[in-house]
Every structure is written in structure tokens, then in C-alpha cells.
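Trainee: All I have is the shape, not the residue letters:
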């Protein structure tokens, strides 16, 4: 499995961005896809996950109601729509794949390279 994240950039507080994670290399029906983020000097933080087969989603409290994770099965792509962005959302965002339903980074076996999101206040 290979994951390629894109869509990051510089945005003003209150604005929106949509991140994409293109997956290739195998079928994904039994995979859980997650988005994580890491700011300088901080640990990697869970943001959202989606189960590929069922579409079931789960969000961290810090982004619930502002971010939406979704899947385009035809394009093997996972999206993270980010609205009402805040300065504290600034981080490098990573997509990852797991065989279990979890929010623990160490249980995600495949990671994309990350994409930088910078929110100006």
C-alpha cells in the first residue's frame, strides 16, 4: 500500500481546506484510514478515521463539527474537509492505514508523507 497526501497550504483563520490521500497498491475493503497531525515540538495527534467498507467515522473532540472525513471508492481517495480553521490547527497532516479500528498511531502500518497546513491568525 502506498499513500500520497496533498492539499495543504496557507489559509486564514476561519477558512477551509480539503486534504486528499490517494491510496494505491491493493484493495482496501478491510482497511481503516486515519488522518493525524503533528505540530513542531508536539506528539502526533489523532484527527479522524473512517472504515473503508462501512464508511463509519470517528473524530477527535478538537475537530468534531469542523472537519469531515470521507472516501471516494472509485478513486481510492480519502478526503479531510477542514472548515472553520483555527490557528491551533496548524500542523503537518498525515494519512495512514490500519487493519484495526483504532486511534493509536503505532497501530497504523502505512503512512503517507504528510502535507503542511498553516493557519494564520
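Mentor: Arrived safely, thanks for sending. Being a predicted model, the structure only gives us computed values, none of them experimental.
Trainee: Work out which residue lies at the spatial centre of this structure.
Mentor: Here the mean C-alpha position of the chain is nearest to the C-alpha of residue 35 (CA atoms, centre = their mean), at a distance of 2.4 Å.
Trainee: now the strands: where do they sit in this protein?
Mentor: Using DSSP state E, the strands of the chain run over residues 2-6, 9-12, 17-24, 32-38, 45-51, 57-59, 67-72, 77-82, 91-98, 108-111, 115-120.
Trainee: Look up how far residue 54 lies from the spatially closest residue to residue 80 that is not a sequence neighbour.
Mentor: Residue nearest to residue 80 in three dimensions, not counting chain neighbours: residue 19, with 4.2 Å by CB to CB, 6 or more residues apart in numbering. For glycine as for every other residue, the C-beta is placed from the backbone atoms N, C-alpha and C. Separation of residue 19 from residue 54 (CB to CB, to the nearest Å): 21 Å.
Trainee: swap in residue 67?
Mentor: Between residue 67 and residue 54 the computed distance is 19 Å (CB to CB).
Trainee: Show me which of the two is the more surrounded one.
Mentor: Between residue 67 and residue 54, residue 67 has the larger neighbour count (other CB atoms under 10 Å), namely 22 against 10.
Trainee: beta partners of that one?
Mentor: Taking DSSP bridges, one obtains residue 82 as the residues bridged to residue 67.
Trainee: so who does it touch?
Mentor: 47, 48, 59, 80, 81, 82, 83 (CB atoms under 8 Å, 6 or more residues apart in numbering).
Trainee: rerun that using 10 Å as the cut-off
Mentor: By CB atoms under 10 Å, 6 or more residues apart in numbering, the contact set of residue 67 is 17, 19, 35, 47-48, 57, 59-60, 80-85, 89.
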